[in-house]
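Trainee: 3D model of this:
(one chain, ligands or ions: 1)
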Amino acid sequence: MNILFYDTKKYDVDSFDAIKDQYPELTIDYVKTDLSPRTARLAKGYDAVCAFVSSDVSAPVLNVLGEAGVGLVLMRCAGFNNVDLAAADSNGIVVMRVPGYSPEAVAEHAMALAMAVNRRLHKSYIKVRENNFSLVGLTGMNFYGKTAGIVGTGKIGAAMARICRGFGMNVIAYDMYRNPDLDFVTYVELPELLGSSDLISLHCPLTDETYHMINEKTISCMKDHVILVNTSRGALIKTDDLIAGIRSRKFFGIGLDVYEEETPNVFENREDDILESSVTARLLSFPNVIVTSHQGFLTEEALEAISRTTLDNAMDYENGNIDNANRVK
Ligand code: NAI
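Mentor: Numbering: from 1, shown residues only. Predicted coordinates:
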């Protein structure tokens, strides 16, 4: 079985090459370019393509892949909101993903963002390097004894809830389904969570229902001086409303691993470019905002688990087990 990997970075090649000898039935070729209607043609002659979180897996791309004879799209990530599942189905293409490679990797990054913005580490790092040892502007708050509100208590949200409990926080959560493992969490409705939390961390998927769930109205329900962290998907937050909230001093801090319009930036070195969107620049202009570039997943353990599950998915497809638990329909 031949697989063409799109949008390949050095860490992908390193982690897949480390285990691919254990899958002698699979042949892998890597390309740096990402999927698009034009580059999808490169997949002619391949059985499968492997794509990532910001790849274009829309209907036009899937139509080209279908014509090229590709039968499988392997998403080497958990989210699949960038995949047109109806178009995959109509082209007879199976889509598989890696649902839970290392929830702790993302949850630990969410807490790292919360801690960094709370204690203004992004500012103190730069200040001390410039021999500025003043503490003015660096005052944070104790997390101990405060309330953490977790939106979405699946695998990552549950890991974040456990971390917050470890900090001595009171943990509340909102989800349509209660996670029975989280007996220390109090489930509440979303407005109550927003109004009671000192730290809000978003861990639900991007769906029609959750699109722009953080907007002018929901921001107005939040406590003043709240810290908001998003490691899930950028479009959970309506960025213009977030910026208005930051300007009105609603937030003590914001930590974003994902943001709207991140796609052209994610995983690219664009230091010599003039960015086409002003969203990133506007967010970065605020002293209480930290933005990272979708790196929540980036730990050795997570990369190893992603590689193994992706190649196991390929083998399941090869062996006719296409209805395994990792198939998305
Ligand atoms: P999961 O499927 O285990 O959990 C998602 C939870 O959200 C479920 O409990 C579900 O019931 C809940 N949910 C769904 N709709 C909701 C709504 N309207 N309101 C409240 N809760 C709702 O997913 P997992 O593995 O925890 O991942 C969560 C998200 O994290 C993914 O969808 C993905 O977007 C993001 N992610 C980000 C990464 C990064 O590198 N920053 C890496 C991996 C995932």
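Trainee: alpha carbons only for contacts and neighbour counts from here, please
Mentor: OK.
Trainee: contacts for stretch 272-285 next, please.
Mentor: Where contact means CA atoms under 8 Å, 6 or more residues apart in numbering, the residues beyond stretch 272-285 that reach it are Thr239, Ile243, Glu260, Glu261, Glu262, Val289, Ile290, Val291.
Trainee: is it possible to get JSON lines of these that adds secondary structure and distance to the ligand?
Mentor: Shown next, in JSON lines, are these (DSSP: H, G, I helix; E, B strand; the rest coil; distance: CA to the nearest ligand atom, whole Å):
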{"residue": "Thr239", "secondary structure": "helix", "distance to the ligand": "17"}
{"residue": "Ile243", "secondary structure": "helix", "distance to the ligand": "21"}
{"residue": "Glu260", "secondary structure": "coil", "distance to the ligand": "13"}
{"residue": "Glu261", "secondary structure": "coil", "distance to the ligand": "15"}
{"residue": "Glu262", "secondary structure": "coil", "distance to the ligand": "12"}
{"residue": "Val289", "secondary structure": "strand", "distance to the ligand": "16"}
{"residue": "Ile290", "secondary structure": "strand", "distance to the ligand": "14"}
{"residue": "Val291", "secondary structure": "strand", "distance to the ligand": "11"}
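Trainee: and the helix or strand hosting Asp316, C-alpha only, in PDB?
Mentor: Asp316 belongs to helix 300-318 when assigned by DSSP states H and E. Provided in PDB are the C-alpha atoms of helix 300-318 (Å, rounded to 0.1, in the frame of the first residue of the first chain):
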ATOM      1  CA  GLU A 300       7.500  13.200  21.800                       C
ATOM      2  CA  GLU A 301       4.800  10.900  23.300                       C
ATOM      3  CA  ALA A 302       2.000  12.400  21.200                       C
ATOM      4  CA  LEU A 303       4.100  12.200  17.900                       C
ATOM      5  CA  GLU A 304       4.900   8.600  18.600                       C
ATOM      6  CA  ALA A 305       1.300   7.800  19.300                       C
ATOM      7  CA  ILE A 306       0.100   9.700  16.200                       C
ATOM      8  CA  SER A 307       2.500   7.800  14.000                       C
ATOM      9  CA  ARG A 308       1.600   4.400  15.400                       C
ATOM     10  CA  THR A 309      -2.200   4.900  15.200                       C
ATOM     11  CA  THR A 310      -2.000   6.400  11.700                       C
ATOM     12  CA  LEU A 311      -0.100   3.400  10.400                       C
ATOM     13  CA  ASP A 312      -2.400   1.000  12.300                       C
ATOM     14  CA  ASN A 313      -5.300   2.700  10.600                       C
ATOM     15  CA  ALA A 314      -3.600   2.200   7.200                       C
ATOM     16  CA  MET A 315      -3.100  -1.500   8.000                       C
ATOM     17  CA  ASP A 316      -6.800  -1.900   9.100                       C
ATOM     18  CA  TYR A 317      -7.900  -0.400   5.800                       C
ATOM     19  CA  GLU A 318      -5.500  -2.700   3.900                       C
END
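Trainee: packing partners for whichever helix or strand comes after it?
Mentor: Next in sequence after helix 300-318, counting helices and strands by DSSP H and E, comes strand 327-328. If contacts are counted by 3 or more CA pairs under 8 Å, 6 or more residues apart in numbering; DSSP states H and E, strand 327-328 sits against strand 94-96.
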